[in-house]
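Q: any chance you could fold what I've pasted below:
(chains A and B)
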Amino acid sequence: MKINDFDIATSLNTSGLVIKIGFFKYNILSKLKSLEESIATLYCDYEISDYEANFELVDFHVIVKEVRTFPAVLKKQAQFFLDSTAPFNPLPLQHAPAIIEWGMNWCVSSQVNTHLIIHAAVIEKNGFVAIMPAPPGAGKSTLTASLIQEGWRLLSDELALIDLETYQVAPFPRPVSLKNESINVIKNRYPNVVFGPVSSDTSKGNVCHIRPPTLSVKEQHVNCPVAWIIFPKYEKDAETELAPFGKAQTLISVAENSFNYSVLGRMGFDILKYIIDKADCYQFKYSNLDEAVKLFSELESPK
Amino acid sequence: MTLYQVIGEVSYVTWDSCSVIYSVESGNTYLIENVPKIIIEECFSSRFFDEIAFSNQMATSINIDSTVIRNSLNSFIKMDLLEEVEN
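A: Residues are numbered from 1 along each chain as shown, chains lettered A, B, ... in the order given. Sure, this is the predicted structure:
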């Protein structure tokens, strides 16, 4: 069932709304009106169900609710809960749409060890994926938001999930997070992109999420092998440049960007050794999105 | 000193002139630059490594300088991948 056929307000308010993202199921409970609107906007292509009506096992029981805590007792705040525990401090109520998106990513990055998890965007073309690890502020999400409007499939904006047996990437296509100037850049380039509500003045500035392309959600169970590992970096006025990056350095950098490489031990090393050996590895510098999109379109798939 | 012992299990990979070594014992991962692959292979292919025997072998085959071997071994010792067992 899709969100348009569903009374999401009732589910969110009572036993919970179950959303399937990749191979994870989230049960979400919230009485916040802003979340209802945000979920209706961003998750309209996902399979959803009512938790109570279709009693099923879910991976994450998530609640976002209004709280009043000392000393901000007079301020309305929102807090994220996983299994009734609150891993983060509450934030201003108007940040609730961003809080749930951050929290849902955190559920996977902090709780899941069935896959090697790398902090990276993942996009696919012709059956092969590009993994793009990058620290915050490197322009990863802006680049990803553009490329998925230009024929690439979104597997994830934040987390590359690598299967421990096949070494392929499992999709986790969630709304793409844009910040500050990037919001208008994407709005102007792609007027048909659907934006969720803007959370203003968060610790990251203004934050807004965009709805993933319908096809990316539809193909959210299609795993793919890795063909490219690309470290993107936005630099104002920089020439567009795709430079080969050493595989040994790539392994170290990817390991540093992994959430559970050390937890997986030798298995994590063996997976990186395998995928990096097969992949083309680059550092990518850009300031012009047109040139970036063109350059990515020219990447050659493996024979 | 001539004989070294490998500390715990080690996995490694070499691309071009760089290698990455993973110590199963410590969970640490090391980037190794400009150490000939054959030194890494010989060091970690069995439990013990005989420096003199290896140096002699290298001198008569692919001519790797003994200083390069010594520096490599010192690096591995600092990384807790090798320890001296016999002087």
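Q: from now on I want contacts and neighbour counts done on CA atoms only, so please keep to that.
A: Fine.
Q: list the buried residues of the helix ranked longest in chain A.
A: Longest helix of chain A, by residue count under DSSP state H: helix A:96-111. Neighbour counts over helix A:96-111 (16 or more other C-alpha atoms under 10 Å in any protein chain shown) mark A:96-101, A:103-104, A:107-109 as buried.
Q: dump the C-alpha coordinates for the following helix or strand past it into PDB.
A: Next helix or strand after helix A:96-111 toward the C-terminus (DSSP states H and E): strand A:115-125. Below are the C-alpha coordinates for strand A:115-125, written out as PDB (Å, rounded to 0.1, in the frame of the first residue of the first chain):
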ATOM      1  CA  HIS A 115      26.600  -5.100   6.300                       C
ATOM      2  CA  LEU A 116      29.800  -3.100   6.100                       C
ATOM      3  CA  ILE A 117      28.500   0.500   6.400                       C
ATOM      4  CA  ILE A 118      30.300   3.400   4.800                       C
ATOM      5  CA  HIS A 119      29.400   7.100   5.200                       C
ATOM      6  CA  ALA A 120      28.900   7.600   1.500                       C
ATOM      7  CA  ALA A 121      26.400   8.400  -1.300                       C
ATOM      8  CA  VAL A 122      25.800   5.600  -3.700                       C
ATOM      9  CA  ILE A 123      24.400   5.900  -7.200                       C
ATOM     10  CA  GLU A 124      24.000   3.400 -10.000                       C
ATOM     11  CA  LYS A 125      24.200   3.400 -13.800                       C
END
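Q: look up how far residue A:207 lies from the residue in chain B sticking out farthest from the centre.
A: For chain B, the residue at maximal distance from the C-alpha centroid (C-alpha atoms, centre = their mean) is residue B:60, at 18.9 Å. To residue A:207, residue B:60 is 65 Å away according to C-alpha to C-alpha, to the nearest Å.
Q: re earlier: now narrow the buried residues of helix A:96-111 to whatever sits close to chain B.
A: The overlap between the buried residues of helix A:96-111 and the neighbours of chain B (C-alpha under 8 Å from any C-alpha of the partner chain) is empty.
Q: how about those residues in CSV, adding pLDDT?
A: Shown next, in CSV, are these (pLDDT from 0 to 100):
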residue, pLDDT
A:96, 95
A:97, 95
A:98, 95
A:99, 96
A:100, 96
A:101, 96
A:103, 97
A:104, 97
A:107, 98
A:108, 98
A:109, 97
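Q: nearest to chain B, of those?
A: Here the nearest of these to chain B, counting by C-alpha to the nearest C-alpha, is residue A:109; it sits at 19.8 Å.
Q: what residues does the stretch 101-250 of chain A have near chain B?
A: Checking the stretch 101-250 of chain A against chain B by C-alpha under 8 Å from any C-alpha, the hits are A:246-249.
Q: can you tell me which of the residues you listed are in strands?
A: The members of those all map outside strands under DSSP state E.
Q: may I see the buried residues of the helix ranked longest in chain B?
A: When chain B is parsed with DSSP H, its longest helix is helix B:66-78. Buried residues in helix B:66-78, counted by 16+ other C-alpha under 10 Å: B:66, B:69, B:72-73, B:76-77.
Q: one more: stretch A:115-130?
A: Under 16+ other C-alpha under 10 Å, the buried positions of stretch A:115-130 are A:115-125, A:128-130.
Q: need the phi and psi values for residue A:192.
A: Per-residue torsions, residue A:192: phi -90, psi -10 (degrees, to the nearest 10).
Q: quick check: mean pLDDT of the strand or helix carrying residue A:40?
A: Per DSSP H and E: residue A:40 is located in helix A:33-42. If you average the pLDDT over helix A:33-42, you get 94.
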